[in-house]
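**Q** I would like to see how this sequence folds:
(chains A and B)
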There are 2 protein chains.
Amino acid sequence: MVETPAVAEPSAALAAPEVPDAAAVRAAAERIAPWIRRTPVLGAAALDAAAGGRLFFKCEPFQRTGSFKFRGASNAVLSLPEEEARRGVVTHSSGNHGAALALAARERGIPAWVVMPEGAPAVKRAAVEGYGGRVVFCAPTPEARIEGAARVERETGAVLVHPYDDPRVIAGQGTAALELLEEVPDLDLLVAPVGGGGLLSGTAIVAAAAGGRAIETIGAEPAAADDAARSLASGRIEPTSPVTPERPATIADGLRSGICPRTFAVMQTRVARIVTVSEEAIVAAMRTVWERLKVVTEPSAAVPVAALLGTGLAAGRRVGVILSGGNVDLDRLPWAGERSGL
Amino acid sequence: MVETPAVAEPSAALAAPEVPDAAAVRAAAERIAPWIRRTPVLGAAALDAAAGGRLFFKCEPFQRTGSFKFRGASNAVLSLPEEEARRGVVTHSSGNHGAALALAARERGIPAWVVMPEGAPAVKRAAVEGYGGRVVFCAPTPEARIEGAARVERETGAVLVHPYDDPRVIAGQGTAALELLEEVPDLDLLVAPVGGGGLLSGTAIVAAAAGGRAIETIGAEPAAADDAARSLASGRIEPTSPVTPERPATIADGLRSGICPRTFAVMQTRVARIVTVSEEAIVAAMRTVWERLKVVTEPSAAVPVAALLGTGLAAGRRVGVILSGGNVDLDRLPWAGERSGL
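**A** Modelled structure (predicted):
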């Protein structure tokens, strides 16, 4: 029997990007199960009252490394064939994904390089190094970070694990929604934050494939970083929101990334809409979650909550919320002197 | 058949106070199950590393009303015969027990009166009233509160539900340890905070009756409110620690109460020892729990954690920690400017 080598079609560059299906999410769930925490689903009567519906919070602050990112990073690292894996992994995300990739790599016994800009907060470097990652500094521009990661790839043979533009990562992020639906199957709506779109895509893939009643998926985004909302409206990927002295970057630092063709393709077909929220609403929602749900939640994770409290979006519905992470500087809480609305 | 009315023996006043047994805790668990939340058991690798053992946190901040107190209050309220219950309940605790009793009463459809001193923080009054309780003000002395509650009893026929000197309350508090042991049976040690001793007593009753390996129970107490430790040392109930301008009350406001003969009797027979911790250690442990466990935890709940982190107490052991509650003023966090030890 003659083996025909797989050859890329000339049109491959124009083909739709590969996105995982629900089976890939289920496979990811099985793959990462021994390594991740199965996080609890919590709720609070005061939050239900404020939303006018029933809210079920999938609490990823309790995930290892403090966010859902450990799911996607673990799935990517565990999916690598042995010969690729042993050369290690690299990424240019210094936030939750960088820390998550460092721990996922350590669990497999392989090196992880995390490229971060000179001048990055010491706490971010400490988080990555605390999980055994190797920090590589670069100039403080997006281009320098991408080039820095590419140089590590060239010099070490490490495999790039992008924070969201990767089917293995998206499938891993979808496992949070999968677990939530296993525990609370009869939901009407799932809400997830959207930055690059990995978590939202994974969530939407799971929701669209769920048996039983139809589950809508909605993304929640800061108005100050609303490229996903603009992109869905215009039908093409729009640039990220400009940051100016008058209009600083959103407090939801995990959601500043732009979406990519892969996550946009999922959003266009499986996400009902994107809701945008103000900075004030994010801070108020974050505080309310701390007060009522008693979960230490980072600003990015409060964005879907801001979309639900007092807006009517949840009215009369059973809503699953992916509470994405809890990595926040306790010395710089954003509500000094303010009071919760509840 | 002639019914002999039950008559108190002349020596009854000298008899040992009634304490619940493990069967009473199991009965309480069944009674309150439809009303309480089964709270999750969480852990974090960084906390295990700092303790030198494996820590399993039973997370009562997620309990209804934000603390374990809802367990005991619910068991007391649900244990009342209908003719007593309909007259309502009263207590003189304005903290977590007051809020818990208010909600437990509302769930049964009966009134609850909570006596609190004039000048009590508005947030405490709001919590009680938010759960449907009726606040009765009195002069700001312990005697006035007890007399205030007695007057409500006389005038309304309401039943006093003491925050800890009550077998039904103690049995209810023990259900947290019961659930923890159902989930993690193979523990070596259980640690609970001690104020009046209701939670510690209930925990010790469960631990002493557990099958399988012997489980030690240890109480944790602020050094600034160490009456339980002094009482176990002397063999009699010692007064609460005096509060002076030089030595202010402990930050662990839930643990300022003195123990009572009922809880002391349980401690003498079933608690291995009481560990005391400094105010600094309480604040550091609280912050570490927020950072690493991502649970909003009140100072009183951090006291057992302070007893475990860096002390060697947990070395090589599997330790259950009753994380008692999460009601804390987010505008007055105690670590402004300080940094965690981890």
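**Q** and chain A, which residues reach chain B?
**A** A:40, A:42, A:45, A:61-62, A:64, A:66, A:287, A:290-291, A:293-297, A:326, A:330-331, A:333, A:335-337, A:339-340 (Cβ under 8 Å from any Cβ of the partner chain). C-beta coordinates here come from the backbone N, C-alpha and C atoms, glycine included.
**Q** mind listing which of the residues you listed are in helices?
**A** A:45, A:287 (DSSP state H).
**Q** strands - which of the residues of chain A next to chain B land there?
**A** If you go by DSSP state E, the residues of chain A next to chain B have A:L42 in strands.
**Q** mind checking how far the residue in the stretch 51-200 of chain A that chain B sits nearest to is from B:D48?
**A** Minimum separation of the stretch 51-200 of chain A from chain B (Cβ to the nearest Cβ) falls at A:P61, amounting to 4.0 Å. Distance, A:P61 to B:D48, by Cβ to Cβ, to the nearest Å: 18 Å.
**Q** neighbour count: these two, which is higher?
**A** Using other Cβ atoms under 10 Å in any protein chain shown as the criterion, A:P61 and B:D48 rank with A:P61 on top: 25 against 16.
**Q** roughly how far does that one sit from A:W290?
**A** The span separating A:P61 from A:W290 equals 11 Å under the rule Cβ to Cβ.
**Q** also A:G133?
**A** Between A:G133 and A:W290 the computed distance is 29 Å (Cβ to Cβ).
**Q** between the two, point out the one with more neighbours.
**A** A:G133 (28 against 23).
**Q** grab the nearest non-local neighbour of the more buried one.
**A** A:A102 (2.9 Å; Cβ to Cβ, 6 or more residues apart in numbering or on different chains).
**Q** that neighbour: what's it in contact with?
**A** Contacts for A:A102 were tallied using Cβ atoms under 8 Å, 6 or more residues apart in numbering or on different chains; they are A:112, A:114, A:128-129, A:131-133.
**Q** most neighbours of all the residues you listed, which one?
**A** A:V114 (31 neighbours).
**Q** circling back: which SSE is immediately downstream of the helix or strand hosting the residue nearest to A:G133?
**A** In this structure, A:A102 sits in helix A:96-108 according to DSSP states H and E. Scanning forward in sequence from helix A:96-108 by DSSP H and E, the next helix or strand is strand A:112-117.
**Q** report the buried residues of stretch A:316-324.
**A** Across stretch A:316-324, burial judged by 16 or more other Cβ atoms under 10 Å in any protein chain shown covers A:317-324.
**Q** identify the residues contacting that stretch?
**A** Taking Cβ under 8 Å, 6+ apart as the rule, stretch A:316-324 contacts A:51-61, A:67-68, A:176-177, A:180-181, A:184, A:186-193, A:199, A:203, A:254, A:289, A:293, A:295, A:297-298, A:300-301, A:304-305, A:308, A:313.
**Q** please parse chain A into its domains.
**A** Taking automatic domain parsing as the domain assignment, the record places the domains of chain A at A:22-68+A:166-323, A:70-160.
**Q** give me the distance from the helix holding A:A102 to the chain's centre.
**A** Chain-centre distance of helix A:96-108: 15 Å, with Cα atoms, centre = their mean, to the nearest Å.
**Q** that older thread, which one of the buried residues of stretch A:316-324 is nearest chain B?
**A** Nearest to chain B out of the buried residues of stretch A:316-324 is A:L323 (Cβ to the nearest Cβ; 10.0 Å).
**Q** look up which residues are beta-bridged to that closest one.
**A** Taking DSSP bridges as the rule, A:L323 bridges to A:C59.
**Q** so how far is A:R256 from it?
**A** 19 Å.
**Q** same question for A:A210.
**A** Note on A:A210: its distance to A:R256, by Cβ to Cβ, is 30 Å.
**Q** could you do A:A76 as well?
**A** To A:R256, A:A76 is 22 Å away according to Cβ to Cβ.
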